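Asker: No sequence on hand, only this structure:
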């Protein structure tokens, strides 16, 4: 009897993985097939800004909860709408509430994507990894919090790619959530602040200035300082410093 239940449990695992994969692939595909990219763009947002603001004032809490749900789902499905959603939330809810919404929703969505990718792909990927890949993962694991924080802070790496890549490492879920949440804060703050001045922005090209990107890159470099310190200590000991 125990053997039968164990066999049944093992046989059900692939189906569960297939179901999760279908949900994510289906959700991503449905967004484009249903024209989601035509509704969630900068020009539509600017054209409907007054209507959106008035509706939010009349239905504040329902719109707030809806914004959290949409942002969480879009992040989990890796939809390319984070920028427009962040601007919209900043415009509708202001700097502090907007930043809080993005921080919570992006962290939750990223965690869902991370857990799904780890459950579906990590085991199979681990069996096929070469020596170089295992070495890189081992190096990442020794300083996983700092490396992940760096990747989150610097706006040069796609958010969805970091979610998936981290799933193939042995990083703990607590470390992943903490580094993700902290790393999201500066970007969320920047975009919600920009969202408040939506009327003065004519295109998405105006969103991130060289100074803003440079500041975020510097924050990312600061996140790696503990890694360099750890690597420098053994060298100092060998030299007797």
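Answerer: That came through fine. Since we're looking at a predicted model, the values are computed, not measured.
Asker: quick one: pLDDT of residue 169?
Answerer: pLDDT, residue 169: 89.
Asker: Could you give the number of residues near it?
Answerer: Residues near residue 169, counting by other Cβ atoms under 10 Å, number 19. Using the backbone N, CA and C atoms, a C-beta is placed for each residue, glycine as well.
Asker: ok, it touching residue 143?
Answerer: No. Applying Cβ atoms under 8 Å, one finds residue 169 not in contact with residue 143, separated by 11.3 Å.
Asker: in this protein, which segments are predicted with low confidence?
Answerer: The model of the chain has pLDDT under 70 over residues 1-13, 125-136, 139, 198-241.
Asker: same thing but at 80, please
Answerer: For the chain, the stretches with pLDDT under 80 are 1-13, 42, 122-141, 155-156, 196-241.
Asker: ok, which stretches of it are helices?
Answerer: 2-33, 36-39, 42-47, 49-58, 60-76, 82-117, 123-128, 131-142, 144-153, 159-167, 173-196, 210-239 (DSSP state H).
Asker: possible to save those as TSV with mean neighbour count?
Answerer: Formatted as TSV, those follow (neighbours: other Cβ atoms under 10 Å):
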stretch	mean neighbour count
helix 2-33	11
helix 36-39	12
helix 42-47	14
helix 49-58	12
helix 60-76	17
helix 82-117	21
helix 123-128	10
helix 131-142	12
helix 144-153	22
helix 159-167	19
helix 173-196	20
helix 210-239	12
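Asker: ok, now which ones touch residue 94?
Answerer: Going by Cβ atoms under 8 Å, 6 or more residues apart in numbering, residue 94 touches 192, 196.
Asker: quick one: it and residue 196, what's the gap?
Answerer: Per Cβ to Cβ, to the nearest Å, residue 94 is found 7 Å from residue 196.
Asker: Over to residue 95?
Answerer: Taken as Cβ to Cβ, the span from residue 95 to residue 196 is 6 Å.
Asker: same deal with residue 172?
Answerer: Per Cβ to Cβ, residue 172 is found 36 Å from residue 196.
Asker: next one: residue 18
Answerer: In this view, residue 18 and residue 196 are 44 Å apart by Cβ to Cβ.
Asker: now swap in residue 145 and tell me
Answerer: Distance of residue 145 to residue 196, given as Cβ to Cβ: 32 Å.
Asker: again, but for residue 76
Answerer: For residue 76 relative to residue 196 (Cβ to Cβ), the value is 27 Å.
Asker: likewise residue 42?
Answerer: 15 Å.
Asker: before we move on, what about residue 110?
Answerer: Taken as Cβ to Cβ, the span from residue 110 to residue 196 is 24 Å.
Asker: now swap in residue 190 and tell me
Answerer: From residue 190 to residue 196 the distance is 11 Å (Cβ to Cβ).
Asker: can you check residue 72 too?
Answerer: As judged by Cβ to Cβ, residue 72 and residue 196 stand 22 Å apart.
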